[in-house]
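Trainee: when you get a sec, could you give me coordinates for this:
(one chain, ligands or ions: 2)
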Amino acid sequence: MVVKNVCCIGAGYVGGPTCSVIAWKCPDIQVHVVDVSQVRIKQWNSDKLPIYEPGLDEVVKECLGRNLFFSNDIDQAVREADLIFISVNTPSKTYGIGKGRAADLKHIELCARKIAEVAEGHKIVVEKSTVPVRAAESIAHILSANTKPGVSFQVLSNPEFLAEGTAIENLLNPDRVLIGGEESAEGEAAVGELTWIYHHWVPQHNIITLSTWSSELSKLASNAFLAQRVSSINAISALCEATGADVSQVAHAVGKDSRIGSKFLQASVGFGGSCFQKDLLNLVYIAECLNLHEVATYWQQVTDMNEYQRTRFAKRIIGCLFNTVTDKTLAVFGFAFKKNTGDTRESPARFVCSHLLEEGARLNIYDPKVERQQIESDLTSTRATNDPERIEKLIHIYTDPYQAVIDAHAIVILTEWDEFKTYDYKKMLSVMKKPAFLFDGRKIIDHQAVMNLGYHTETIGKRFTRNTLLRSSGADL
Ligand code: NAD
Ligand code: UDX
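Mentor: Ligands and ions are numbered 1, 2, ... in the order given. A predicted model of the protein is given here:
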């Protein structure tokens, strides 16, 4: 079999960009991306795509209607496909056994049942979603238990490693592509088909074939290692603030060791995004279920440290503002979980803002890409607060950062958008309340320059004055 027709179930942050790149690089393959959400599919077929991702518009524009199609007709796309990616969401469970930690596989199971129901002939089913180890076994079990005469399946694991904001670049030049399959002639043939698709643009040495279980676990392990680096440097940032060391200098020095490397050592207000937290918790849950309590405790610390970092930053803001933010106005720059995305899932900004709102602060929020409704619903949802009406009155969303700072007591930077580096902070200072504070949770602006302008400046992993350092450590001045 040579794959001519690909279907992807799930038109989200992974399914959309991944399949757009496959369509772009493989003009000989028809790619159908399907989803239960009519709104999402309508947006993919419009001029305003449902997600913001640099370079994505251009790729979609070139392929849409040529060999790339977005639709809600899941049955037809599955029936016609030779190879089906499952790219649906696998959030942490919000109910029942494993609540808050185990991955919720209900969407994956629904896909498997749908495929079993409508498939004809031979299908390769590819797990693209991030799943617990041995999830492929459950998918294969559901498929085989429902197989009709003349229908057969092979299940592969092919986890996705793209990061939001750089998805197209990551998809075009992946460090590696993992393809996990069954050790049998049929399994190897299926691995060969998927390898053939990637060969259209990925060099052979970047394609790793491995066992299905290793492939599934490698994805969880990779995210855990990345998150662990961020938590490690954030732990060091707390030490820096307490001792007078500078976390940027420490990160540079540590990262120069070629065994450690310099990437992912940027201290911050904490990591966010839809993956790190849920995948770490999933790993912890798996370890616990296997009675590997020490392993579970080890990885749990990575998310505990993240929570500590976000809370520490929020408390520091309140502490610096004379221990109260009640009725004070804070201009918040950035709400997305990182730059170059409009995604706010698990954004540290949500957490810090919620903390400040609970203390009665008025927040003037500006983000270049996050929609007003998204910010409002993130901060007023029952998950964020038990008093949505009060919180609603405290938040104001701005489309102009210069308007957001009028009469503000402080600026709080929570996302590392490049444009924040080039603002006219002198002009902003002139319309703010005095003393004016600037809290840089991402370490992106020139701190000396804003201090020279007159801002009282605070950032992660560095103290600017000796007195502040001594005061915070309780020493005699
Ligand atoms: P998402 O929520 O953006 O998209 C998932 C889509 O699947 C939604 O549009 C939803 O409507 C659709 N869906 C759910 N059940 C369906 C069903 N039964 N039939 C048809 N459509 C259905 O999620 P995402 O961010 O794209 O993540 C998808 C998976 O990829 C997750 O397992 C995630 O952990 C993993 N992943 C995400 C990223 C990332 O950066 N977002 C990176 C790597 C891996
Ligand atoms: C991550 C993984 O990088 C990717 O491989 C996987 O497929 C999905 O999860 P993503 O969450 O999109 O990608 O973004 P990433 O760049 O990893 O950043 C995650 C969070 O960590 C962001 O909030 C970011 O600001 C933060 N971060 C990252 C730091 O605070 N410091 C760093 O040095 C790096």
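Trainee: near ligand 1, which residues of the stretch 101-250 of the chain?
Mentor: Counting by Cβ under 6 Å from any ligand atom, the stretch 101-250 of the chain comes close to ligand 1 at 107, 110-111, 129-130, 160, 162, 164. (C-beta placed from N, C-alpha, C; glycine too.)
Trainee: hmm, 8 Å instead?
Mentor: Within the stretch 101-250 of the chain, the positions near ligand 1 by Cβ under 8 Å from any ligand atom are 103, 107, 110-111, 114, 128-131, 159-164, 167, 219.
Trainee: now, these that are in helices?
Mentor: 107, 110-111, 114, 167, 219 (DSSP state H).
Trainee: could you identify the most distant pair in those residues?
Mentor: 114 and 167 (26.1 Å; Cβ to Cβ).
Trainee: that older thread, just the buried residues from the ones in helices among the residues of the stretch 101-250 of the chain next to ligand 1, in PyMOL please.
Mentor: With 16 or more other Cβ atoms under 10 Å as the criterion, this PyMOL line picks the buried residues out of these:
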select buried, resi 107+111+114+167+219
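Trainee: got the contact list for residue 284?
Mentor: Residue 284 sits next to 101, 296, 299-300, 303 when contact means Cβ atoms under 8 Å, 6 or more residues apart in numbering.
Trainee: which of those residues sits closest to residue 327?
Mentor: Looking across the contacts of residue 284 and measuring by Cβ to Cβ, the closest to residue 327 is residue 303, at 33.2 Å.
Trainee: need the contact list for that closest one.
Mentor: By Cβ under 8 Å, 6+ apart, the residues touching residue 303 are 227, 231, 277, 280-281, 284.
Trainee: in JSON lines, list those along with pLDDT.
Mentor: Formatted as JSON lines, the contacts of residue 303 follow (pLDDT from 0 to 100):
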{"residue": "227", "pLDDT": "98"}
{"residue": "231", "pLDDT": "98"}
{"residue": "277", "pLDDT": "96"}
{"residue": "280", "pLDDT": "97"}
{"residue": "281", "pLDDT": "97"}
{"residue": "284", "pLDDT": "97"}
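Trainee: those residues in helices, which ones?
Mentor: Those of the contacts of residue 303 mapping onto helices are 227, 231, 277, 280-281, 284, per DSSP H.
Trainee: so which of those is the most crowded?
Mentor: residue 280 (26 neighbours; other Cβ atoms under 10 Å).
Trainee: skip the chain neighbours and tell me the closest residue to that residue.
Mentor: residue 303 (5.1 Å; Cβ to Cβ, 6 or more residues apart in numbering).
Trainee: and the one you found, how far from residue 3?
Mentor: To residue 3, residue 303 is 39 Å away according to Cβ to Cβ, to the nearest Å.
Trainee: likewise residue 455?
Mentor: On the measure of Cβ to Cβ, residue 455 and residue 3 end up 58 Å apart.
Trainee: comparing these two, which residue is more hemmed in?
Mentor: Comparing residue 455 with residue 3 by other Cβ under 10 Å, the one with more neighbours is residue 455, at 24 against 17.
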